[in-house]
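Trainee: Predicted model, plus sequence, below.
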Amino acid sequence: MSKRAAPDPVAVLRGHRASVTDICFHPSKPILFSGSADGELRIWDTFRRQTLSSAWLHSAAHGILALASSSSLGTNKFVSQGRDGTVKVWDFDDTGLSRIPSVTIKTNSYHFCKFSLAKNQSTGSKAGEASKDCLETEEVHTNQSCSESSEGLSYVALSGENSSEVEIWDLKSAERFARLPSSIGSNSSSVSSKGMCMALQLCVPSESQGFLNVMAGYEDGTMLWWDVRNPGVPVSSVKFHSEPVLSIGIDGSCKGGISGAADERIVMYSLDHSSVTSFIFTLFF
């Protein structure tokens, strides 16, 4: 199969003085957020191709690791993750960016795994139905909601202080919601043997009745599917890769996903909440 030449860019945006580490588009506005290794954020107008605002959100010594914007947060908010172990929620408007974050979460996580916001989907209204029926773990009080019916989901998943664990945090209260695997009655030693969590995606499949699920990829190439209702044991475990998983993507309906790894393979798979089935579609590079 012949390789096609890369297309020419529509536009080139210049302004950062250090390597760009992450970008994300606003879900409804012609806005692009970009973050760099020196901690600077820039908000771009994609129509005029100009910087609307810029600020240093994280220290230059640590920089920005990830950025995310979602309709579930509201139209004038976005989230940043720094290598300084913090996740911050920011407000912005036509006049510029707030200088003080509205929420700061001190995760004590200093890894290279980017966080993931809860993914909205067309059946996301079911998330509110489960808001009064949540799991009880050592960090979670009985009946704490795991979804928000009015403003959508406000949770973020990230690699935990223990690099083989996944943690879910509430962006409104800045409190840890769950740990996967949980420390009570879990197979934590088995998960630890898989190495660091390298990539993850947080989503709410329609079959989960509004409860949060996480797909996580690990250093040994394994991917685990977690459901917060059973934090001790993953729903499914597969190993499509022989090297560390570097990226995971889940579609908007949470029915399928794609992953890439250091073994130079891209694998597509389907999700049915009881198993992860690989398509016969694997790319080698």
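Mentor: Yep, it's here.

Trainee: C-alpha only now, for contacts and for neighbours.
Mentor: OK.

Trainee: This protein: helices as residue ranges?
Mentor: Applying DSSP state H to the chain gives helices spanning 188-192.

Trainee: Name the helix or strand of it that has the lowest mean pLDDT.
Mentor: Within the chain, no helix or strand scores below strand 276-284, which has a mean of 51 by mean pLDDT, DSSP states H and E.

Trainee: quick one: low-confidence parts of the stretch 51-200 of the chain?
Mentor: Residues of the stretch 51-200 of the chain meeting the criterion pLDDT under 70: 120-152, 184-187.

Trainee: can you pull out the strands in it?
Mentor: 64-68, 77-82, 86-93, 96-97, 103-106, 116-117, 155-159, 166-170, 175-180, 197-203 (DSSP state E, counting those that start in this stretch).

Trainee: where's Arg99 relative to Thr222, distance?
Mentor: 40 Å (Cα to Cα, to the nearest Å).

Trainee: Same drill for the two, tell me which one is more crowded.
Mentor: Neighbour count, other Cα atoms under 10 Å: between Arg99 and Thr222, Thr222 has more, with 21 against 12.

Trainee: For the more buried one, list the residues it contacts.
Mentor: Going by Cα atoms under 8 Å, 6 or more residues apart in numbering, Thr222 touches Lys194, Ser237, Val238, Lys239, Phe240, His241, Pro244, Val245.

Trainee: just how off-centre is stretch 95-115 within its chain?
Mentor: Mean-position distance between stretch 95-115 and its chain equals 13 Å (Cα atoms, centre = their mean, to the nearest Å).

Trainee: same check, this time on stretch 166-176
Mentor: The answer for stretch 166-176 is 13 Å, by Cα atoms, centre = their mean.

Trainee: Alpha carbons of that stretch, as PDB, please.
Mentor: In PDB, the C-alpha atoms belonging to stretch 166-176 read as follows (Å, rounded to 0.1, in the frame of the first residue of the first chain):
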ATOM      1  CA  VAL A 166      -6.400   4.800  38.600                       C
ATOM      2  CA  GLU A 167      -8.000   7.600  40.600                       C
ATOM      3  CA  ILE A 168     -11.300   9.400  39.900                       C
ATOM      4  CA  TRP A 169     -11.700  12.900  41.400                       C
ATOM      5  CA  ASP A 170     -14.800  15.100  41.700                       C
ATOM      6  CA  LEU A 171     -14.000  18.400  40.000                       C
ATOM      7  CA  LYS A 172     -16.500  20.300  42.100                       C
ATOM      8  CA  SER A 173     -15.500  19.200  45.600                       C
ATOM      9  CA  ALA A 174     -11.800  18.500  44.700                       C
ATOM     10  CA  GLU A 175     -12.200  15.200  46.600                       C
ATOM     11  CA  ARG A 176     -11.100  11.800  45.500                       C
END
